[in-house]
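In: sharing a model prediction with you, sequence too.
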Amino acid sequence: MSNFESKIDAEDSVATLQRPDKALMWTRGLEKSYRKGSLAVPVLNGVDLEIEAGSFTAIIGQSGSGKSTLLHLLATLDAPCAGEVHFNNRRIDNLPAKQREKLRNEQFGLIFQFYHLLPELSTLENVLVPKMVQDGFFSYLKNKSNYLKRATELLEMVGMGHRTTHKPAELSGGEMQRTAIARALISDPSILLADEPTGNLDEENGDEVMETLDRLRQKENLTVVMVTHDNALAQRADAVIRLISGKVA
Ligand SMILES: Nc1ncnc2c1ncn2[C@@H]1O[C@H](COP(=O)(O)OP(=O)(O)OP(=O)(O)O)[C@@H](O)[C@H]1O
Ligand SMILES: [Mg+2]
């Protein structure tokens, strides 16, 4: 990191608000609107939330209520129009792009509804992709045996140990999602941010993915934030954030 970047980091990440007790991640006054022609369409109108370390939080709300928008702001994939996101005693919504990317790579595990696996790679290779991207060629080769060990262990933990050489097209939806979960964990993130991870699965596969997440949460001491519109799934959570009219109800 250059001096310039570290200076920006030090200045920008000064906590401007009081940290709530025990919160690993928290927001204050988050606002987001999208432009539609000359019109600004408001989606989030001042979201305040806290996510406790080690907890399982569900974000629920009707279709179009802003759940995915909120998750993207938490993951620093998008920036709020107003308000702040804090993680690990640091303000993160206004970090420079490079630092947000580093934060995502090292600390956040991201899971989406449509898996986003690379079709030409095997299950095992897909799980290794984040390490290839983060490390660069030579560093990756140097550490490859460790990564292979960890990727194999993760695939076994998500019940995919018998499918390491399969390509995504040869897997069921639940198997693809469990592979995506293993990939999200390869960098040992401290928080998992999942957007409807079971939304595209039938009940049986959805239950299997949820059980996998539950098991991993305990074993790996993970904090999980999951968007869902399934109330039964939300009932498994320690905390439920319900979005209504762009605010936490
Ligand atoms: N890129 C965009 N440009 C314009 N409007 C957008 C954009 N992304 C989302 N919106 C609008 O913001 C609102 C919230 O969208 P979001 O995807 O966050 O909802 P959601 O709660 O995740 O819905 P769902 O349950 O259907 O996934 C919607 O009304 C949507 O039309
Ligand atoms: Mg959504």
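Out: Thanks, I have it. Ligands and ions are numbered 1, 2, ... in the order given.

In: run through who's touching the top helix by length along the chain.
Out: In the chain, with assignment by DSSP state H, the single longest helix is helix 137-157. With C-beta atoms under 8 Å, 6 or more residues apart in numbering as the contact definition, helix 137-157 has outside contacts at 123-124, 127-128, 131-132, 135, 161, 163-164, 179, 182, 185-186, 212, 215-216, 219. C-beta: built from backbone N, CA, C; applies to glycine.

In: could I get the full set of helices for the chain?
Out: Secondary structure of the chain by DSSP H: the helices cover 3-12, 67-74, 97-107, 123-135, 137-157, 173-185, 203-220, 231-234.

In: which other helices and strands contact the third one?
Out: Spelled out, that is helix 97-107. helix 3-12, helix 123-135 (3 or more C-beta pairs under 8 Å, 6 or more residues apart in numbering; DSSP states H and E).

In: which of those comes out lowest on mean pLDDT?
Out: Looking over the helices and strands packed on helix 97-107, mean pLDDT reaches its minimum on helix 3-12, with a mean of 40.

In: circling back to that earlier point, give the buried residues for the longest helix of the chain.
Out: For helix 137-157, burial by neighbour count (16 or more other C-beta atoms under 10 Å) applies to Tyr147, Arg150, Ala151, Thr152, Leu154, Leu155, Met157.

In: nearest to ligand 1, of those residues?
Out: For the buried residues of helix 137-157, the minimum distance to ligand 1 (C-beta to the nearest ligand atom) is 27.4 Å, reached by Leu154.

In: separation between the residue nearest the centre of the chain and Gly29?
Out: Nearest to the mean C-alpha position of the chain, counting by C-alpha atoms, centre = their mean, stands Leu193 at 2.4 Å. Distance of Leu193 to Gly29, given as C-beta to C-beta, to the nearest Å: 20 Å.

In: cool, Glu211 as well?
Out: Taken as C-beta to C-beta, the span from Glu211 to Gly29 is 37 Å.

In: got it, and Gly206?
Out: To Gly29, Gly206 is 34 Å away according to C-beta to C-beta.

In: those two - which one has more neighbours?
Out: More crowded of Gly206 and Gly29, by other C-beta atoms under 10 Å: Gly206, with 21 against 14.

In: what parts of the protein come near ligand 1?
Out: 34, 36, 41, 43, 61, 63-69, 229 (C-beta under 6 Å from any ligand atom).

In: ok, back up a step: who wins for proximity to Ile241 among the helices of the chain?
Out: Ile241 lies closest to helix 67-74 among the helices of the chain, at 8.3 Å (C-beta to C-beta).

In: and that closest one, how far out from the chain's middle?
Out: Helix 67-74 sits 10 Å away from the centroid of its parent chain (C-alpha atoms, centre = their mean, to the nearest Å).
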